[in-house]
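Trainee: 3D, please:
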Amino acid sequence: MTMTNPFRRVQIGLASLALVVVIGTVGYSLLGFAPLEAFYETIVTVSTVGYGFPHPIGTGVKIFTIVLILLGVGTALYTFTVTLELLMDGHMRELIRRRRMDRGIGRMTGHVVICGWGRVGREVARYLSNAGQQIVVVDRDAERLASIDYPTVIGDVTDDDTLLRAGIERAGTLIAALDSDADNLFVTVSSRSFNPSIHVIARARGASSEAKLLRVGADRVVNPQRLGGDRMAAFVTQPHVVDFVDVVMHDGSLEFRLEEVVIGADSPLAGETLRSTKVHEQTGALVLAIRRPDGSFTPNPSPEDHLAAGDVLIGVGTAAQLAALTTFALKV
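Mentor: Residues are numbered from 1 along each chain as shown. Next up is the predicted model:
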């Protein structure tokens, strides 16, 4: 039984009760009662208060009243029962929590939407949460999302309304980590249509799907099986290098970090060389590589390499040094 069932039963009960009131009011009106009097008699009859009629009534009114009592009391009892069940089982508390969560998602901007709460989605969420990123997890299985601490949206991600409830129009990144390549393809297309500037990272199981995902708008496509194989092979050939990168990027036990910094159009670094800017002397961080706007890398740049707006500096250093590098690159 899903969480939506009790709410659905309450909705059905209330709708049925409203229908009985309409039928009673119309029925009494047809039997000669004024509209307000007909509505009043319907309410006191359905509620079993039963104040009686202000004047003698005929057989038709009596028969109609008997039928209305049977229908109305049964419907009212059903509505009361399902409403009480809703309150006693804690579903109302869940509804309040869900609405509060939806309001929180509605205020998010630039967050990460993770589609699919499987093994890949869990690892992505853990890493991004540790990095201080705002995330929203989307999955169709309510039970899988019940025990997590992140904001969630329960629904089928191939439904546009589900993506809208996750704030896809205001999101900065979408992670398509569903089990099916077809679903990841659909989510990529849908998210791109709602938010053309969103950064899309999609999971792919097959090599043929990678090219398709890139064609429909994915910025990055990740094949976990291939990455796992490459990682295992790297442990054979360069285990210490892999261990160092893992510690710097993921473990957090070393003080040093790797980080990327974009040189803005008004940055004092634009148009200068690494030597003239004295990046290392000013910040303490080391620039390991420069990525140019065309996507090419300049690894281990020399002091004479020029910097330009749009370049991305790949730096290594402590958290304080990297923060200083970011401030130095962005200040005007």
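
Trainee: The residue lying closest to Ser129 once chain neighbours are set aside bridge partners, please.
Mentor: Excluding the flanking residues, the one nearest Ser129 by Cβ to Cβ, 6 or more residues apart in numbering is Ile135, at 6.5 Å. For every residue, glycine as well, the C-beta is placed using N, CA and C. According to DSSP bridges, the partner residues bridging Ile135 are Val112.

Trainee: Next up, the contacts around Ile135.
Mentor: His111, Val112, Val113, Ile114, Ala125, Leu128, Ser129, Tyr150, Pro151 (Cβ atoms under 8 Å, 6 or more residues apart in numbering).

Trainee: again, but for Leu213
Mentor: Here Leu213 is in contact with Ala176, Asp181, Asn184, Leu185, Thr188, Ala202, Ala204, Val221 (Cβ under 8 Å, 6+ apart).

Trainee: if we can go back for a sec, so which of the contacts of Ile135 would you say is closest to Val245?
Mentor: The closest of the contacts of Ile135 to Val245 turns out to be Leu128 (Cβ to Cβ; 18.5 Å).

Trainee: Which residue would you name as the spatial centre of the chain?
Mentor: The residue lying closest to the centre of the chain (Cα atoms, centre = their mean) is Val136, at 3.2 Å.

Trainee: neighbours around the residue nearest to Arg203 when sequence neighbours are not counted, how many?
Mentor: Nearest residue to Arg203 in three dimensions, chain neighbours excluded: Ala177, at 4.8 Å (Cβ to Cβ, 6+ apart). Neighbours of Ala177 under the rule other Cβ atoms under 10 Å: 27.

Trainee: same thing with Glu169?
Mentor: Using other Cβ under 10 Å, Glu169 has 12 other residues around it.

Trainee: next one: Glu260
Mentor: 12.

Trainee: what secondary structure does it sit in?
Mentor: In three-state terms, and counting by DSSP: H, G, I helix; E, B strand; the rest coil, Glu260 is strand.

Trainee: Same check on Arg226?
Mentor: Classified using three-state DSSP, Arg226 is helix.

Trainee: ok, it to Asp139 distance?
Mentor: As for Arg226, its distance to Asp139 is 25 Å (criterion: Cβ to Cβ, to the nearest Å).

Trainee: Pick out whichever of these two has more residues nearby.
Mentor: Ranked by neighbour count (other Cβ under 10 Å), Arg226 and Asp139 place Asp139 first, with 24 against 12.

Trainee: All set, thanks.
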